[in-house]
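Colleague: Sequence first, predicted coordinates after that:
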Amino acid sequence: MMLLVASLLAWLAAGRVLAPLRNLSATVKSISESDLSQRINTQGEGEVAQLGRIFNAMMDRIENAFDTQRNFINDAGHELKTPITIIRGHLELMDTDPQSQQETVELVIDELDRMNRLVEDLVLLAKAERLDFLQIETIELTSFVTELFSKLQKLGERNWNLDNGIVLGKMTGDRQRITQAIINLANNAVQHTITDSLIVFGAKIEGDRVEFWIRDTGNGIAADEQKRIFDRFARIKNARRRSEGSGLGLAIVKTIVEAHGGAINLQSQLGIGSTFFLVFPLEFNEKQN
Ligand SMILES: Nc1ncnc2c1ncn2[C@@H]1O[C@H](COP(=O)(O)OP(=O)(O)OP(=O)(O)O)[C@@H](O)[C@H]1O
Ligand SMILES: [Mg+2]
């Protein structure tokens, strides 16, 4: 009799202990790629509840990552649809008049160029997930800054200035990608200023970091937009001049800087202008990535 009671109690106790585990296992089974919203009931204390909370937090991150990916693909699809619609519309309406044919061809080539740029940007962002994204080499900053400054001046008829003179020193990083990041910033500066406006390119070494900046005297960016513009496909809605780009430029700059273990910062005031700062470690460190 005693034995029976004891085993009954043991059985009940084991059931109570195992119930949350069964719940956990049932929830895990019900989670699939199409439904990531299931969570485990984590009431109470104890190790199983703790495990449940860790599991739920992990599921939150996974669900988030999936959502981000889905939105990204969705947005990319929409961006690609626009030029396709334009091209199609023009080809359908094309008549036999050579003059109008010429115009259509030019327009189609223009749209194809835009699509091509977009696809290149998308490929670059996808590559950023890979280990060989960066080709690290030693960069002689003096010549790098001088050469880059002369490239920038070709981007538009502006009053280009070089801040802080010439930087002396070396860094390790991906020369092409860093160039690309700074050119993206300079392109934005050109797009948001008028002829002969002041645009400043600067560089300096401070401690174990090197900082590059692009300052423009354009229309500036409102405080509540300053975070958002680094997101993929983000463009300011009520901007005076609507962006003709896809809104991937700053997302690419951020990706490049962060792949180097650096950071991007923005100071901007409406009506006065914007300064974008890129801060890189002087020595690229494989491990931090
Ligand atoms: N220097 C700047 N001054 C004012 N607004 C800016 C500046 N740089 C970026 N922005 C705003 O931030 C948005 C996002 O910039 P981003 O470079 O990511 O995209 P884009 O220039 O619109 O397109 P893309 O660079 O892909 O051709 C721009 O559309 C613009 O509204
Ligand atoms: Mg841009």
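Modeller: Arrived safely. Numbers count the residues shown, from 1 in each chain. Ligands and ions are numbered 1, 2, ... in the order given.
Colleague: tell me the domain ranges of this protein?
Modeller: By the assignment in automatic domain parsing, the chain contains the domains 74-131, 136-288.
Colleague: can you put those in CSV and add mean neighbour count and mean pLDDT?
Modeller: Using the backbone N, CA and C atoms, a C-beta is placed for each residue, glycine as well. Below are the domains of the chain laid out as CSV (neighbours: other C-beta atoms under 10 Å; pLDDT from 0 to 100):
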stretch, mean neighbour count, mean pLDDT
domain 74-131, 13, 90
domain 136-288, 17, 93
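Colleague: Same list (those domains) but as a markdown table, adding distance to residue 68.
Modeller: Shown next, in a markdown table, are the domains of the chain (distance: least, C-beta to C-beta, whole Å):
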| stretch | distance to residue 68 |
| --- | --- |
| domain 74-131 | 11 |
| domain 136-288 | 9 |
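Colleague: who in the chain is up against ligand 1?
Modeller: When proximity is defined by C-beta under 6 Å from any ligand atom, the chain lies next to ligand 1 at 188-189, 192, 216, 218-219, 221, 229, 234-236, 239, 243, 245-251, 274.
Colleague: if you set the cut-off to 8 Å instead, what comes out?
Modeller: By the criterion of C-beta under 8 Å from any ligand atom, the positions of the chain lying close to ligand 1 are 117-118, 121, 184-185, 187-189, 191-193, 214, 216, 218-221, 225, 229-230, 234-236, 239, 243-253, 268, 273-274, 276.
Colleague: In helices, which of the residues you listed fall?
Modeller: Counting by DSSP state H, the residues of the chain next to ligand 1 place 117-118, 121, 184-185, 187-189, 191, 249-253 in helices.
Colleague: Spatially central, which residue of this structure would that be?
Modeller: residue 251 (3.1 Å; C-alpha atoms, centre = their mean).
Colleague: How much space separates that residue from residue 66?
Modeller: According to C-beta to C-beta, to the nearest Å, residue 251 and residue 66 sit 19 Å apart.
Colleague: repeat for residue 190
Modeller: For residue 190 relative to residue 66 (C-beta to C-beta), the value is 37 Å.
Colleague: swap in residue 38?
Modeller: Relative to residue 66, residue 38 is positioned 13 Å away (C-beta to C-beta).
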